[in-house]
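Student: got a sequence here, can you model it:
(chains A and B)
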Amino acid sequence: QKEVEQDPGPLSVPEGAIVSLNCTYSNSAFQYFMWYRQYSRKGPELLMYTYSSGNKEDGRFTAQVDKSSKYISLFIRDSQPSDSATYLCATPQFQKLVFGTGTRLLVSP
Amino acid sequence: DTEVTQTPKHLVMGMTNKKSLKCEQHMGHRAMYWYKQKAKKPPELMFVYSYEKLSINESVPSRFSPECPNSSLLNLHLHALQPEDSALYLCASSQNTATNEKLFFGSGTQLSVL
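Tutor: Have a look, this model is predicted:
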């Protein structure tokens, strides 16, 4: 079993839709979670950083952590074509980030 | 400013060439990382430098040689690479290597080995 699981997609939505991206993890010792956005052939950009269970909001983005279910989510409201990218969830473990496989999101105009 | 700068952005090299990738950050971070990313895969850790000392080498072949001249700079020296080494090479930095630190990535160097 992979430490962090993520559906690779692609996930296709129309502009303006609410997008839900999800990851599950296996190790209950994981405490910190990050969401990165990566455009094609570019480096990952840190979008959200969360620690405790609950929601964290930043503009159109909301990160949610449910430690009892070992489930993390990223919601994007009013999605835009510029949101089309690969979204990676990650958690730090012993000086390295453990990544999910990434979900490719396509937002059509 | 959360910028990590990598040069060059693109690099094509033959299997007998020697080249170097460069990375720079001015955020005062004391941990710097090299990751390798193949197409449609997540990044994989190669090396970690903490306070300019190599702290992790993820069993990377010796044809990849990292160097940390000072706390702001990180190099990756390449020699006798193989075509399967073609990938996006990412530099990252964080305040230190504590578990709760955020990692910031550069834009990467797209490397092609012919």
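Student: what's the pLDDT at residue B:8?
Tutor: For residue B:8, the model assigns a pLDDT of 97.
Student: that one contacts residue B:109, correct?
Tutor: Yes - contact between residue B:8 and residue B:109 holds when scored by CB atoms under 8 Å: they sit 6.0 Å apart. In short, each C-beta sits where N, CA and C put it, glycine included.
Student: between those two, which is the more surrounded one?
Tutor: Just comparing residue B:8 and residue B:109: by other CB atoms under 10 Å in any protein chain shown the higher neighbour count belongs to residue B:109, 23 against 13.
Student: leaving aside the residues next to it on the chain, what's closest to residue 16?
Tutor: As the question left the chain open, I've gone with chain A. residue A:78 (5.8 Å; CB to CB, 6 or more residues apart in numbering or on different chains).
Student: hmm, I had chain B in mind actually
Tutor: In space, residue B:16 is closest to residue B:80, 6.7 Å off (CB to CB, 6+ apart).
Student: so the one you found sits against residue B:19, correct?
Tutor: No - Residue B:80 sits out of contact with residue B:19 when judged by CB under 8 Å, with a separation of 11.0 Å.
Student: comparing these two, which residue is more hemmed in?
Tutor: Shown here are residue B:80 and residue B:19; by other CB under 10 Å, residue B:19 has more neighbours (17 against 14).
Student: isn't there a strand covering residue A:49?
Tutor: Yes - membership of residue A:49 in a strand is supported by DSSP: H, G, I helix; E, B strand; the rest coil.
Student: quick check, it in contact with residue A:34.
Tutor: Yes - at 5.2 Å, residue A:49 and residue A:34 qualify as touching, with contact defined as CB under 8 Å.
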